[in-house]
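>>> This is a predicted model, with the sequence first.
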Amino acid sequence: MSNDFNKNEDANKMAWSRIRQKLEVIYEGGGKKAAQKQKERNKLTARERISYLIDEDQPFIEIGAFAGYEMYEEHGGCPAGGTVSGVGYIKGRQCVIIANDQTVKAGAWFPITGKKNLRMQEIAMENKLPVVYIVDSAGVYLPMQDEIFPDKEHFGRIFRNNAKMSAMGITQISAVMGACVAGGAYLPIMSDETMMVENAGSIFLAGPYLVKAAIGEDVDAETLGGAVTHTELSGIADYKFKTEEECLDQVKKIIEKIGPAENAGFNRIAPVNPSKSNNDIYGIMSEGNSKPYDMVDLIHCLVDEKSFDEFKKDYGKTIVCGYARIDGWAVGIVANQRLILKNKKGEMQMGGVIYNDSADKAARFIMNCNQKKIPLVFLQDVTGFMVGSRSEHAGIIKDGAKLVNAVANSVVPKITVIVGNSYGAGNYAMCGKAYDPRFIYAWPTAKIAVMGGEQAAKTMLQIQVAGMKAKGETVTPEQEKEILEKIAANYDRQTKPFYAASRLWVDAIIDPKETRTIISESISAANNNSVIPEFKTGVFQV
């Protein structure tokens, strides 16, 4: 191993360690005291409930752990958006699991909670996965009700999706472990089957206090909407149990009996280990992604040995395309090349930049993968499209539009991993969040922004200084430096991966060495949906 490789390895392992430290705090939810209160009431925490439910020997891919990170500090914070969710296996069946975290504001719904739950339902609908809701929530967080209640992508969309998923034949099961109040009461009742824990679970449109205020009736929560009431009187719930474990055991029994899914038939053979160790991933990219590296080296850490067949290897070199297998699954890979290369004319090309020929090649390759029904994997480390008069005269916008058109209309599952830079229109062309990847992940080295930090800071500085001078103010070099540092610091904060993950621009920040497993699990999830629409690209400039 070279000194550079070892330095890179140390830096990137440290970057993941910093992410892990943040995650450990998030995993505590509302804190140890709140968790202890759960124990005193004979209740498990959200993470303990999921751990009890899922198969121990299978992967669980958590989605949205960073949701809400540093977003609601004035309200006391909202770790993981007040829910724990992901894709895991229950009795061998891949499922979406969504669990309210009662330790976080009594499981109340913040704006990001709604966005996260809608994302989980989207994953279930796109991949036709059964859904298990573990319900323990006080309902909408009232101080922010205007940001969670009335709009199209707000709280009510959850119940609309319940109905849509039911019509699609997607199994939904609700295990009510605590409060299920007001509009939230519809979620378990719109599920296929509902189970409740006695003296803990409750379902009602209005709780005892509101009932007293509205109609003057004195009634306790159990009588109003507890497990006995809803299994013996109203018929709203289907099962009642003494303990949470018994309740979750029933969920397992139901999932175990679901008939096999008609899958999409994506090609898979017996997997072969990659030619490079997954630990080698850490040594490829330099600290801060400041130096060029060969994306093909990174690819060989992910794909089955001898499976990578590069497409148009000597053309459009700043995007690498090729067929491969990841854990046995056939995939098409579209990845930004970070090496500084020569084009066919012998001219130097900057790594991470999309040129005309690269865009043209990638668009063609994406069409080929759709023709062959091969899932696509995008590895993003892109600074954008090439600019300047030469590129404009050569039609860079036209070629870029071709690539964007192909990505937007692609019908095979798309899995995106942001390994480094994700700037400007490059984010779009390489299947960013706006282009409906089935799953989108980020490494600790990811940076997502409209442009690089240095360029953006200098641009914003010029605008701010020009505005100050227009008002007759004198700006000294020292003042300019101070302004630039403030702008750069704020911009840098916004490009960090956990800033993106907190807003669900990405589903998760992942350990680079787990990338192969996570891509494989994502394709496995996508394979559950047998319906692949006809591929059409529409009209574009040729």
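Right, received. Where do you want to start?
>>> what sits against residue 436?
Neighbour list for residue 436: residue 414 [criterion: C-beta atoms under 8 Å, 6 or more residues apart in numbering]. The C-beta positions use only the backbone N, C-alpha and C, and glycine is treated the same way.
>>> ok, and the helix or strand in this protein with the lowest average confidence?
Within the chain, no helix or strand scores below helix 453-470, which has a mean of 77 by mean pLDDT, DSSP states H and E.
>>> Tell me where the model's unsure across the protein.
Filtered on pLDDT under 70, the chain yields the residue ranges 1, 453, 457, 540-542.
>>> could you point out the longest helix in it?
helix 3-26 (DSSP state H).
>>> what's the offset of the first helix or strand past it going along the chain from the middle of its chain?
Note on helix 3-26: by DSSP states H and E, the next helix or strand toward the C-terminus is helix 32-40. From the chain centre to the centre of helix 32-40 is a distance of 29 Å (C-alpha atoms, centre = their mean, to the nearest Å).
>>> Same question for helix 32-40: list its buried residues.
Applying a neighbour-count criterion of 16 or more other C-beta atoms under 10 Å, the buried positions in helix 32-40 are 34, 35, 38.
>>> just the strands in the stretch 151-300 of the chain please.
Counting by DSSP state E, counting those that start in this stretch, the stretch 151-300 of the chain has strands at residues 172-181, 193-197, 202-204, 239-241.
>>> To residue 462, which of those lies closest?
Closest to residue 462 of these, according to C-beta to C-beta: strand 172-181, at 52.3 Å.
>>> Give me the sheet partners of the closest one and which way each runs.
For strand 172-181, the paired strands and their directions (DSSP bridges) read strand 131-137 (parallel), strand 193-197 (parallel), strand 202-204 (parallel).
>>> Please put the alpha-carbon coordinates of stretch 10-17 into CSV.
What follows is stretch 10-17, C-alpha atoms only, in CSV (Å, rounded to 0.1, in the frame of the first residue of the first chain):
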residue,chain,number,x,y,z
ASP,A,10,-7.3,6.9,7.6
ALA,A,11,-9.1,10.1,6.5
ASN,A,12,-12.2,8.3,5.1
LYS,A,13,-12.5,5.9,8.0
MET,A,14,-12.4,9.0,10.3
ALA,A,15,-15.1,10.6,8.2
TRP,A,16,-17.4,7.6,8.7
SER,A,17,-16.5,7.5,12.4
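>>> That stretch: which residues count as buried?
By neighbour count on 16+ other C-beta under 10 Å, the buried set for stretch 10-17 is 11, 12, 13, 15, 16.
>>> where does that stretch sit relative to the chain's centre, distance-wise?
Chain-centre distance of stretch 10-17: 21 Å, with C-alpha atoms, centre = their mean.
>>> residues in contact with the nearest residue to residue 128 once chain neighbours are set aside?
Counting by C-beta to C-beta, 6 or more residues apart in numbering, residue 529 is the residue found nearest to residue 128 once chain neighbours are left out, at 4.3 Å. Residue 529 makes contact with 126, 127, 128, 263, 264, according to C-beta under 8 Å, 6+ apart.
>>> how close does residue 265 get to residue 530?
Distance, residue 265 to residue 530, using C-beta to C-beta, to the nearest Å: 7 Å.
>>> Likewise for residue 403?
Per C-beta to C-beta, residue 403 is found 28 Å from residue 530.
>>> Which one of those two is surrounded by more residues?
residue 403 (28 against 11; other C-beta atoms under 10 Å).
>>> Now do the host helix or strand of that one: everything it contacts.
Assigned by DSSP H and E, residue 403 belongs to helix 396-409. Here helix 396-409 makes contact (C-beta under 8 Å, 6+ apart) with 354-357, 359-360, 362-363, 366-367, 385-387, 414, 425, 428-431, 435, 535-538, 540-542.
>>> still on that earlier bit, report the distance from the least confident helix or strand of the chain to the chain centre.
Offset of helix 453-470 from its chain centre (C-alpha atoms, centre = their mean): 33 Å.
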